[in-house]
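In: Requesting a structural model of the entry that follows:
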Amino acid sequence: MTPETSIDTPEAAGAVIRARRQERGLSQQSLAVAAGVSRKFIVDLEAGHERAELGKTMAVLHTLGLSLTATDHFPRGRDYDPARRDYADTFAQLISSRDFEFAIKMLADYAAASLKAGRPLLRRSPRLKDPHWSAALAGITNYIAHRLGQPAPSWTKRIKALNQAWIPAESYRSVREPMKQLIMSETPAELAALNVFIRERSLATA
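Out: Below you'll find the predicted structure:
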């Protein structure tokens, strides 16, 4: 008998879809084209976005040969449980492949998972070549620690502030001036101190 795994949460659906896509050697863009959806939809779906449209989700599952009950081995461990994910490795891979859109989704995922776990999940430096993303992760880690009333991991103290203000979303799309001002006004102090600007609501409601 083929083992079955129920998909009963958005995160579970995203984990299964991403695992099958990678198994088939598909990029997010190629899967989007095959399923007739946008790449942004695939990004949101794999990140466990709760407002993903059911019709489009079914189209993606059908394209990958899946249904709402997956017949594949369910991805366990760090691929399924954010509290066990190696975020240092995850971000190193995303930044090296220049998948900035998904990296930004993972910034929010990291913040939400850490707050839920009750501790910053990045206990070691991500060792990224790009100082912008190192600063972003250090700032978010400091923000998480402050919200939880805990000391920040020691590695964050080695990360220097950027020379110029940086908004991660500008890595893959243009941001208009009014939105820039809004983002900067709603950025937690821990990120602003490193010259990185992300709205707190993008982290707290991830």
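
In: list the contacts for residue 52?
Out: Contact analysis of residue 52 by Cβ atoms under 8 Å, 6 or more residues apart in numbering lists 10, 13, 41, 44-45. In short, each C-beta sits where N, CA and C put it, glycine included.

In: pLDDT score for it?
Out: pLDDT, residue 52: 70.

In: Please apply the same query to residue 135.
Out: Confidence for residue 135, expressed as pLDDT, is 96.

In: switch to numbering from 42
Out: Sure thing, new numbering starts at 42, so read that last one as residue 176.

In: how many neighbours does the closest residue to residue 241 other than its chain neighbours have?
Out: In space, and not counting its chain neighbours, residue 241 is closest to residue 229: 5.1 Å by Cβ to Cβ, 6 or more residues apart in numbering. For residue 229, the neighbour count with other Cβ atoms under 10 Å is 21.

In: same deal with residue 224?
Out: Residue 224 has 20 neighbouring residues, counting by other Cβ under 10 Å.

In: Strands along the protein, start to end?
Out: 46-47, 110-111 (DSSP state E).

In: how much space between the residue most central in space within the chain and residue 190?
Out: Nearest residue to the geometric centre of the chain (Cα atoms, centre = their mean): residue 147, 1.2 Å. To residue 190, residue 147 is 25 Å away according to Cβ to Cβ, to the nearest Å.

In: In CSV: the contacts of residue 93, plus pLDDT, neighbour count and distance to residue 60.
Out: Formatted as CSV, the entries for these read as follows, by pLDDT from 0 to 100; neighbours: other Cβ atoms under 10 Å; distance: Cβ to Cβ, whole Å:
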residue, pLDDT, neighbour count, distance to residue 60
51, 78, 17, 15
54, 81, 22, 11
82, 87, 21, 18
85, 85, 22, 17
86, 88, 25, 13
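
In: with those residues in mind, which one is nearest to residue 197?
Out: Ranked by distance to residue 197 (Cβ to Cβ), the contacts of residue 93 are led by residue 85 at 28.8 Å.
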